[in-house]
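J.: Quick check, what structure comes out for this input:
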Amino acid sequence: MVNQLIMAIARAIRKEFQQEKIFTDSVEQGIETPCFFILCISQKEFAKLDVRFLTEHTFVISYFPKNGNYECWEVQSKLQRLLEFITLDDKSVLTGTNRKGKIKDNVLHFFVDYDFYMKKEKKEANDYMEVLTIHEKDRGNEC
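T.: Numbers count the residues shown, from 1 in each chain. From the prediction side, this is the model:
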């Protein structure tokens, strides 16, 4: 699921930033700027009723600018809107929450959460009894 979310985030970013490279795996030294790096920094699951469970995913999108902090603030403003809703491969739409950005060492770090419910596949139980035999006795008409 994480890979599907990363690809959906990359597609959303690509709508606005056609020329910038988007990395989803580790990056070697000497990258060309400007570029994006998408990383899932945490994933949690919480059991809910029956077969349902809540999954929480936190992502950081790092933007390495060519022209400093001014460019980072511009990109953060665009990411706020681009990552509010993302579309998965199956056309379902997820809402990004807790969207915020921080600039550290001239790199924008934009955080976003995608939380949603999923269902576990319920296994068919084939543990049925084949034969059931009942023995009973009648006590008669006693009161």
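
J.: Which helix or which strand is home to residue 91?
T.: For residue 91, there is no host helix or strand (DSSP states H and E).

J.: typo on my end, residue 38
T.: Using DSSP H and E, the element containing residue 38 is strand 35-47.

J.: Tell me which strands that strand pairs with, and in which orientation.
T.: Applying DSSP bridges, strand 35-47 is found paired with strand 21-23 (parallel), strand 52-64 (antiparallel).

J.: Other residues contacting that strand?
T.: For strand 35-47, contacts defined as C-beta atoms under 8 Å, 6 or more residues apart in numbering pick out 2, 5-6, 9-10, 13, 17, 20-24, 27, 53-64. To be clear about C-beta, it is placed using only N, CA and C from the backbone, and glycine gets the same treatment.

J.: Counting neighbours, which bits of it end up buried?
T.: By 16 or more other C-beta atoms under 10 Å, the buried positions in strand 35-47 come out as 35, 36, 37, 38, 40.

J.: Redo those as TSV? Include distance to residue 99.
T.: Output for the buried residues of strand 35-47, formatted as TSV (distance: C-beta to C-beta, whole Å):
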residue	distance to residue 99
35	20
36	15
37	17
38	14
40	15
